[in-house]
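Sequence plus the predicted model coming up.
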Amino acid sequence: MDAIVFADVTDPWAYVGATRFERAAATFTIITGEPVEIVLRAALQDTEVAPEDADVLNARVTAAALKSGIDLNFEDLVPASSFDAWRLLTWAAEFGPTAQRDLAHELWRAHFLEGVDIEDTFALASRAALVGLDLESAEALLASGEYAEAVLSQSSAASEIGVRHLPHVVVNAAWTLAGIHTQNDYVQALHRISTGVPPVIE
């Protein structure tokens, strides 16, 4: 089973939802023996939120995150563009989906838990090195314009298929699981999809 997860490194719902989906996929594999290969794709989001709305939204996502064992830290968060992070993630995918997902979680932790500026080239390259990717290659990539077109293409594809709420999961190029759901809902959806039955969540 193949799953494309459209997400963004600067979207907390994407962080929580992608984490839940990955855990659900692992559970599904343990139960059925059928692997789920997960690949992340960029869905670049506008992170501008009106101040009066930000506190409410942050409270909601913080509560959701805690249910998944993620303690978000909005006080130290550094607003940043995720474009270069996605160039790095697109490169990381060439080393396999596990390398890409490991890097994504390093970047999510850096942004949402540790107050790291993920537009900073050294911070990005260092996170790549932490998951086993070559530091110098990462630095060289970030100093260039490599993978820029690929990231824009991914985000355009997200817009074309109507991605609105993250994460947006497309399973076997046919079934859509839009927005955040519980881990159990994701497991049940994967079971239904594996038998050719439409999932009950959209």
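In hand now; what should we look at?

C-alpha from now on. contacts and neighbour counts both.
Noted.

for the record, mean pLDDT for the longest helix along the chain?
Longest helix in the chain by number of residues (criterion: DSSP state H): helix 12-32. For helix 12-32, mean pLDDT rounds to 98.

Could you tell me the angle between the helix or strand just after that helix and helix 12-32?
Next along the chain after helix 12-32, taking DSSP states H and E as the criterion, comes strand 37-42. On the basis of axes from the mean of the first three to the mean of the last three Cα atoms, to 10 degrees, strand 37-42 is oriented at 170 degrees to helix 12-32.

Neighbouring strands of strand 37-42 in the sheet, and parallel or not?
Strand 37-42 sits in its sheet next to strand 2-7 (parallel), going by DSSP bridges.

Now the partner strand: buried residues?
Neighbour-count burial for strand 2-7, counted by 16 or more other Cα atoms under 10 Å, picks out 3, 4, 5, 6, 7.

could I get those residues as TSV with pLDDT and distance to residue 22?
TSV is the format used below for the buried residues of strand 2-7 (pLDDT from 0 to 100; distance: Cα to Cα, whole Å):
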residue	pLDDT	distance to residue 22
3	98	10
4	98	11
5	98	10
6	98	13
7	98	13
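
of these, closest to residue 76?
Distance to residue 76 across those (Cα to Cα) is lowest for residue 7, with 21.8 Å.

Please verify my assumption that the closest one contacts residue 165.
No: look at residue 7 against residue 165 with Cα atoms under 8 Å: they stay out of range, at 9.0 Å.
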